[in-house]
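In: Quick one, structure for this:
(one chain, ligands or ions: 1)
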Amino acid sequence: MLVLLILKWAIILSIIGLVAVSSVIIVKLMMAHNKYKHLPGPPRNSFLFGNLSLLQSVMKDETTFGEAFFELHKKYGPVVLIFALHKAVVSMTDPAIIKEVLTNDKYVKPAENYTVFVELFGERFGGYSLVSETNHEKWARHRRVLNPAFHRQYLRELMYIFNDSAGRMVQYLTTKADGKTEVSMVDTIGRVTVEAIAKAGFSMDEDMIFQKSTFRDAIALCFEAGRKVNIDPLLQYNPFKEARDYRAKTKEAIHLLRDTAERMIRQRLKDQQEGKKLPKDILSYIIKTAMVDEKFQMVEMVDDLSHFWSRLLEEIDTVIGDKEDLLYEDIAKLEYMMLCWHTVINQVLYHFLMFAGFERNTSAFSTRHWHRSKKPEELQCLGHRVPANTMLFLVTYVMCRQEQFFKDPLTFDPERFRRDEDSPLYTYFPFSMGSRSCIGQHFALIEARVVLVKLFQKLNLKLVPGQKLGMVDRLTMRPSSQCLHYITERSKSA
Ligand code: HEM
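Out: The predicted structure follows:
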């Protein structure tokens, strides 16, 4: 009898609890919807889940966030509100606001967007690294230590690493240069990129170009898992075997990465203390510093590119010839190539941005940190009032496609970056801007140049016809296909 009574009350209390929680959620959502009702944007598909169909179409690879927001901005103007599930996100394409937000540290990165970098399936992954740290003071200290290691001056000393990795990439491609084998350039560039970072970063002695690398596979798996959790947060709790196995595999990969990093750091610290000569890499530099101081048609683009390649090849032949090891000065001598950095490579980043845009909060608020000293503030954008504590999306992808900022925005026109008037400020920012811009920008630019020069010194590439070429969102944007190419050696096919 007593058991029945307890059961009855347990059920009644559970129902009351459920009704109370649901009512709170409903009231909170109604208040949120009301708070933003003055802002333009597409109607919500669902009271609970907001503009779910937009998120679903990105998850199913039917579009990318960049393209989806491009369509929204075309329809609703420079300020667009969407609800990402329960969360209001205001996307903006006004250069004045972009400048204000990205160059002012009071607009912090929203911590909730970086949780998959911090930990995955309860396992610490990147932790509060430079990318994911949203506490400005902690981030600033961290960045001060790392900045010098990514300075051009220091990176030029690492040219031998870029030369070595890019050289072996060419050797690898040469083994496939029969003009018939379909070679995945996504995979090949992925190999050389991870290898160069691992070698320049911490002298990792592993051949990731010819050999299968468990280290590289582990990185790929963690990024894939991060994206899966973003799309399906319930994956973390899914009790089925397949999901449990996937979580276990991811955790194993995280252990491999973190254990390797820890082992290397410990060894390096020990070597430093014992007065041994440290290898020339970014880790050594950091250790030393830390000690002292606490819808675009791809095929058309390929046609446009042929003009660029011919000039580039001519220049590589005359300036570099067959020289095996490039010096930093050689790279500087490549006038067209240097120009290309501001033109062609910029143009490639312009069309194929790694990130469609960047998020910030309208005030110094993030779920992890509340900066008491700073009061939440509203933001005014082109006559629209954006409430305090709102997530902003500063969407360079959309701005790069707008006639008001770029002449013939969808034309592959490398010269546009030479004509300053054609590339207005605060519209194109592939490496973000302000204090949280990419620390690895020079690293990526030097490596890209060395890889390009080495590649076209020796090889010809021809796109395998009939591939569906496009972009997909995978935490960063990337090609949807493998970008298969036929390869021939230049001397033989010339
Ligand atoms: C073409 C290549 C690259 C592009 C387009 C790129 C782009 C970006 C962007 C847009 C951000 C800001 C992200 C945000 O606000 O959340 C960023 C941050 C960062 N990137 Fe890169 N990146 C590239 C290569 C690299 C490389 C090679 C490294 C390291 C070797 C690197 C290390 C970082 C780090 C540590 C941050 C965080 C900086 C901070 O918040 O202080 N990146 N990158």
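
In: Now do the same for the helix or strand harbouring residue 491: mean pLDDT, whole number.
Out: When secondary structure is defined by DSSP states H and E, residue 491 falls within helix 490-493. Across helix 490-493, the average pLDDT comes to 64.

In: same question, stretch 32-46
Out: The predicted model gives stretch 32-46 an average pLDDT of 94.

In: chain center to it: distance?
Out: Stretch 32-46 has its C-alpha centroid displaced from the chain centroid by 29 Å (CA atoms, centre = their mean, to the nearest Å).

In: Buried residues of stretch 177-197, list them for me.
Out: By 16 or more other CB atoms under 10 Å, the buried positions in stretch 177-197 come out as 177, 183-185, 188-197. Where C-beta positions appear, they are placed from N, C-alpha and C, glycine not excepted.

In: Dump those residues into a markdown table; add pLDDT, distance to residue 124 and secondary structure as well.
Out: Supplementary listing: the buried residues of stretch 177-197 in a markdown table, determined by pLDDT from 0 to 100; distance: CB to CB, whole Å; DSSP: H, G, I helix; E, B strand; the rest coil:
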| residue | pLDDT | distance to residue 124 | secondary structure |
| --- | --- | --- | --- |
| 177 | 95 | 43 | coil |
| 183 | 95 | 37 | strand |
| 184 | 92 | 32 | strand |
| 185 | 90 | 34 | helix |
| 188 | 91 | 32 | helix |
| 189 | 87 | 29 | helix |
| 190 | 85 | 25 | helix |
| 191 | 88 | 27 | helix |
| 192 | 89 | 29 | helix |
| 193 | 86 | 24 | helix |
| 194 | 85 | 21 | helix |
| 195 | 88 | 25 | helix |
| 196 | 88 | 26 | helix |
| 197 | 85 | 21 | helix |
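
In: tell me which of those is nearest to the ligand?
Out: Nearest to the ligand out of these is residue 197 (CB to the nearest ligand atom; 5.1 Å).

In: how near is the closest one to residue 440?
Out: Separation of residue 197 from residue 440 (CB to CB, to the nearest Å) stands at 8 Å.

In: got it, and residue 279?
Out: 19 Å.

In: what does residue 90 give?
Out: Going from residue 90 to residue 440 by CB to CB gives 29 Å.

In: Could you do residue 20 as well?
Out: Per CB to CB, residue 20 is found 49 Å from residue 440.

In: how many other residues sit next to the residue nearest to residue 355 when sequence neighbours are not counted?
Out: Sequence neighbours aside, residue 476 is the residue nearest to residue 355 in space, at 6.2 Å (criterion: CB to CB, 6 or more residues apart in numbering). The number of residues packed near residue 476 is 11, by other CB atoms under 10 Å.

In: Looks like residue 476 contacts residue 430 (just checking).
Out: No - with contacts counted by CB atoms under 8 Å, residue 476 stays clear of residue 430, the gap being 11.1 Å.

In: higher neighbour count, residue 279 and residue 440?
Out: Per other CB under 10 Å, whichever of residue 279 and residue 440 has more neighbours is residue 440, with 16 against 13.

In: correct me, but the more buried one touches residue 150?
Out: Yes - at 6.2 Å, residue 440 counts as touching residue 150 under the criterion of CB under 8 Å.
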